[in-house]
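Q: Please work out how this folds:
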Amino acid sequence: MINLHLGDSLEAMRQMPDKAYDLAIVDPPYGIGEDGGTNHTRSLLAKAKSFTSKGWDKDPPKAEYFRELRRVSKNQIIWGANHFISRLPIDSSCWIVWDKDNGQNDFADCELAWSSFPTAVRKFKWRWQGMLQENMKDKQIRIHPTEKPVALYKWLLKNYAKPGDKILDTHLGSMSIALACHDMGYDLDGWEIDPEYYQKGVERYQNHIKQLSLFPAAV
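A: Coordinates of the predicted model:
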C-alpha cells in the first residue's frame, strides 16, 4: 500500500502511536537555500533544470520534528543531517554517503544521511550532475529542485529495510521513494506539504504505475 498525503507531517506524527513504522527515510529541508532559485546556474558542464524558488529551504525542521520522528519509527535515515545535527542530537556510526560523481560545479560532491543503524559508514555512487545522470537510458525528468534518484531509494531499501517493513517519508518532494517502494513491494505512508509538488509527484507515481502495467518486464 502506497499512501500519499497532502499535509503537514509533523501534525500527522503528533497523532501517531509510538513505533508505528519500521523505518523512516526522510529528506527534510536542510536550511541552505536549495529550493530552486539558483540551481541551474551552478554547473559548468551540464546545466540543471531551473525551478521557481519557493523559499521552503530557509531553515531545517525544529527539534520537535526529530523527536517525533524518532518516537514514531524504529529506525531512521535522515538526509542532510550534517547541516542540522544539533537538532537531533544523537551520535551515529552509520552515516550514509551518496557520491554524486558530479564533476566541475560548486554543488557538494556528496550528500550525507544520518542513520540509527549500528553499522559502518556506507557509500552509494550514482551520477547526478545537471542533465547528466548515471542511467541516461532511463533518465529521470526532474520535477523538484532537490529530487533524488529512484535508484538511491532502492539501494537504501535493499540494504536497510526488511521484507514486510512499513516505511515513513515526511517530505515526499518528487516522490522517488514512492516509486522505489512500489517496485520493491514495501508499504509506504508519505506526506508532502506543498500542493504543487504533491500534485506533480502523484502524477509521476501514477504514470509510473501505468508504464509498468504496459511494460512489466521493466520492473
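
Q: okay, CA-based contacts and neighbour counts for the rest of this
A: Will do.

Q: Okay, residue 118 and residue 147: tell me how far apart.
A: Using CA to CA, to the nearest Å, residue 118 is found at 27 Å from residue 147.

Q: err, residue 160, not the other one
A: Distance check for residue 160 against residue 147: by CA to CA, it reads 21 Å.

Q: before we move on, back to that, between residue 118 and residue 147, who's got more neighbours?
A: For residue 118 versus residue 147, neighbours defined as other CA atoms under 10 Å are more numerous around residue 147 (17 against 10).

Q: so what's the residue nearest to that one when sequence neighbours are not counted up against?
A: Leaving aside its sequence neighbours, residue 147 sits nearest to residue 174 (CA to CA, 6 or more residues apart in numbering; 5.8 Å). Contacts for residue 174 (CA atoms under 8 Å, 6 or more residues apart in numbering) come out as 142, 143, 144, 147, 148, 197, 198, 200, 201, 204.

Q: Of these, which belong to helices?
A: 197, 198, 200, 201, 204 (DSSP state H).

Q: Which member of the residues you listed is positioned nearest residue 9?
A: Taking CA to CA as the measure, residue 9 lies nearest residue 198 of those, at 12.9 Å.

Q: separation between the closest one and residue 145?
A: From residue 198 to residue 145 the distance is 14 Å (CA to CA).

Q: residue ranges with poor pLDDT in the chain?
A: For the chain, applying pLDDT under 70 flags the ranges 34-54, 56-57, 104-106, 128, 130, 134, 215-219.

Q: could you redo the last one with a cut-off of 90?
A: Applying pLDDT under 90 to the chain flags residues 29-59, 89, 93, 101-109, 126-147, 211-219.

Q: Now do the helices in it.
A: 9-14, 63-72, 150-160, 176-184, 195-214.

Q: And the residue nearest the centre of this protein?
A: Central residue of the chain (CA atoms, centre = their mean): residue 27, 4.4 Å from the mean position.

Q: how close does it sit to residue 178?
A: 13 Å.

Q: cool, residue 191 as well?
A: In terms of CA to CA, residue 191 sits 11 Å off from residue 178.

Q: Between those two, which is the more surrounded one?
A: residue 178 (28 against 22).

Q: Surely that one is in contact with residue 188?
A: Yes - judged on CA atoms under 8 Å, residue 178 makes contact with residue 188 at a distance of 7.1 Å.

Q: which neighbours do those two share?
A: In contact with both residue 178 and residue 188: residue 2, using CA under 8 Å, 6+ apart.

Q: Deepest-packed of the helices of the chain, please.
A: Highest mean neighbour count of the helices of the chain: helix 176-184, a mean of 21 (counted as mean count of other CA atoms under 10 Å).

Q: how far off helix 195-214 does it point, in degrees?
A: With axes from the mean of the first three to the mean of the last three CA atoms, to 10 degrees as the basis, helix 176-184 and helix 195-214 are set at 20 degrees to each other.

Q: from here on, count from 872
A: From this message on, residue numbering opens at 872, which makes the last subject helix 1047-1055.

Q: so how far is helix 1047-1055 from its chain's centroid?
A: 11 Å (CA atoms, centre = their mean, to the nearest Å).

Q: can you check stretch 994-1002 too?
A: In terms of CA atoms, centre = their mean, the centre of stretch 994-1002 is found 14 Å from the chain centre.
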